[in-house]
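[1] got a structure for you, letters missing:
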Ligand code: ATP
Ligand code: MG
């Protein structure tokens, strides 16, 4: 290495250090500024893959701290899924309830779907009113709003009036502006591409 090249490496290291120091100052300042201690309401929406699996990532985080978790799956339940198998077999701190009707294009029965969604909502509403749950997941709830099976303001009220320490994760495409407004964190999972479109079958352990 020539002396010039050594100087370049030193400069590069110095610049990197300065940049990282500034970033650390910004991050530390934000952490110091944040003082609110309460549960968080999270919406995982968008057309890409990763909404439900992200919600279950948070389930396992919470369980890792011995917290109590409630999971309500709207739509799902007709099909087997690895996360539900695991929770049923290994997670006594997690209560799971599934609507179990499958997708609306499978049931093709609006009255039965509405009845099932109302019964499922009763379970969700009970969890949202129970401070012993640290985390409540309402998987695919947005479709119940989209199809008008459940009343939007009833859902929004229950989420905003939940116990202060309780976090809630809602998943599903759409859901509307009012729901987004009541949530603290909203992530829009964008679809770049999906293996399904290339003909790859849904895979156990990855998709279900
Ligand atoms: P995951 O459960 O894998 O996190 P998700 O909750 O984001 O996915 P859903 O809309 O609930 O997605 O779809 C459920 C199923 O459809 C999953 O098997 C998922 O892999 C698949 N899927 C998700 N996004 C797409 C997409 N853009 N095109 C086709 N299939 C998708
Ligand atoms: Mg999903």
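    Arrived safely. Since this is a predicted model, take the numbers as computed values, not measurements. Ligands and ions are numbered 1, 2, ... in the order given.
[2] all strands of the chain, in order?
    Per DSSP state E, the chain carries strands over the ranges 41-45, 69-73, 94-98, 135-139, 167-171, 185-188.
[3] list the contacts of residue 142.
    43, 45, 170-176, 179 (CB atoms under 8 Å, 6 or more residues apart in numbering). Quick note: C-beta positions are derived from backbone N, CA and C, even for glycine.
[4] if we use 6 Å, what do you get?
    Taking CB atoms under 6 Å, 6 or more residues apart in numbering, we find residue 142 in contact with 172, 174-175.
[5] need the strands of the chain in a markdown table with distance to residue 120, mean neighbour count and mean pLDDT, can you?
    A markdown table is the format used below for the strands of the chain (distance: least, CB to CB, whole Å; neighbours: other CB atoms under 10 Å; pLDDT from 0 to 100):
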| stretch | distance to residue 120 | mean neighbour count | mean pLDDT |
| --- | --- | --- | --- |
| strand 41-45 | 18 | 22 | 98 |
| strand 69-73 | 6 | 25 | 97 |
| strand 94-98 | 7 | 19 | 96 |
| strand 135-139 | 9 | 27 | 98 |
| strand 167-171 | 14 | 26 | 98 |
| strand 185-188 | 23 | 14 | 98 |
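[6] for those strands, which one sits closest to ligand 2?
    Nearest to ligand 2 among these is strand 167-171 (5.2 Å), distances taken as CB to the ion.
[7] is it true that residue 182 touches residue 160?
    Yes: in this structure residue 182 lies within contact range of residue 160 using CB atoms under 6 Å: 5.3 Å.
[8] so between the two, which is more surrounded?
    Between residue 182 and residue 160, counted using other CB atoms under 10 Å, residue 182 has the larger neighbour count: 16 against 13.
[9] the closest residue to residue 38 other than its chain neighbours and residue 20, how far apart?
    Nearest residue to residue 38 in three dimensions, chain neighbours excluded: residue 164, at 5.0 Å (CB to CB, 6 or more residues apart in numbering). Going from residue 164 to residue 20 by CB to CB, to the nearest Å gives 36 Å.
[10] just name the shakiest helix or strand of this protein by mean pLDDT.
    helix 104-107 (a mean of 62; mean pLDDT, DSSP states H and E).
[11] what about residue 100, neighbour count?
    Neighbour tally, residue 100, other CB under 10 Å: 14.
[12] returning to that earlier point: format the strands of the chain as JSON lines; extra columns: distance to ligand 2.
    Output for these, formatted as JSON lines (distance: least, CB to the ion, whole Å):
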{"stretch": "strand 41-45", "distance to ligand 2": "8"}
{"stretch": "strand 69-73", "distance to ligand 2": "9"}
{"stretch": "strand 94-98", "distance to ligand 2": "13"}
{"stretch": "strand 135-139", "distance to ligand 2": "6"}
{"stretch": "strand 167-171", "distance to ligand 2": "5"}
{"stretch": "strand 185-188", "distance to ligand 2": "13"}
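[13] got a list of what the residue positioned nearest the centre of the chain touches?
    Residue closest to the mean C-alpha point of the chain, counted by CA atoms, centre = their mean, is residue 55 at 3.3 Å. Counting by CB under 6 Å, 6+ apart, residue 55 touches 137, 169, 171.
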